[in-house]
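> sequence isn't available, so here's the structure alone:
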């Protein structure tokens, strides 16, 4: 039987220290030289900002509500079944919970602002067609 979580020793960070993953990301971004051809900082910024952009854009569409707050690269929203089917024929995404109509949209490293804006515009068109 696994040990209870309370019995597992926790490693404490020293004051002023970032968690290990953030330190690695920070090192990668700091090592970038202007014009070096690598855009690690841009990739990280897009990874953080694009899901937020998607969440704001789709929550502004009448009839669409976010199922959960946007906290990572996934956006969960509630859609009518007809809109889900029509949108899935154009964009690949998962139906997260069929009973409630919750869908999951993911932003990846190669998602662009144009992708997000186009998706949100198409969603708005499909929602308008329901009326």
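Received, thanks. Please read all numbers here as calculations on a predicted model, not as lab measurements.
> and the helices in the chain?
20-31, 40-59, 81-88, 113-130 (DSSP state H).
> least confident of these, on average?
Here the lowest mean pLDDT among the helices of the chain goes to helix 20-31, at a mean of 48.
> who does the nearest residue to residue 88 once chain neighbours are set aside form a beta bridge with?
Excluding its sequence neighbours, the residue lying closest to residue 88 (C-beta to C-beta, 6 or more residues apart in numbering) is residue 95, at 7.7 Å. Any C-beta I mention is one placed from the backbone N, CA and C, and that applies to glycine too. Beta-bridge partners of residue 95, counted by DSSP bridges, are residue 103.
> quick check, pLDDT for residue 95.
The model's pLDDT for residue 95 equals 95.
> what of residue 104?
96.
> you'd agree it is up against residue 96?
Yes: applying C-beta atoms under 8 Å, one finds residue 104 in contact with residue 96, separated by 4.4 Å.
> which neighbours do these two share?
residue 76 (C-beta atoms under 8 Å, 6 or more residues apart in numbering).
> the residue nearest to residue 88 against residue 83, yeah?
No: counting by C-beta under 8 Å, residue 95 sits too far from residue 83 to count as a contact (11.5 Å).
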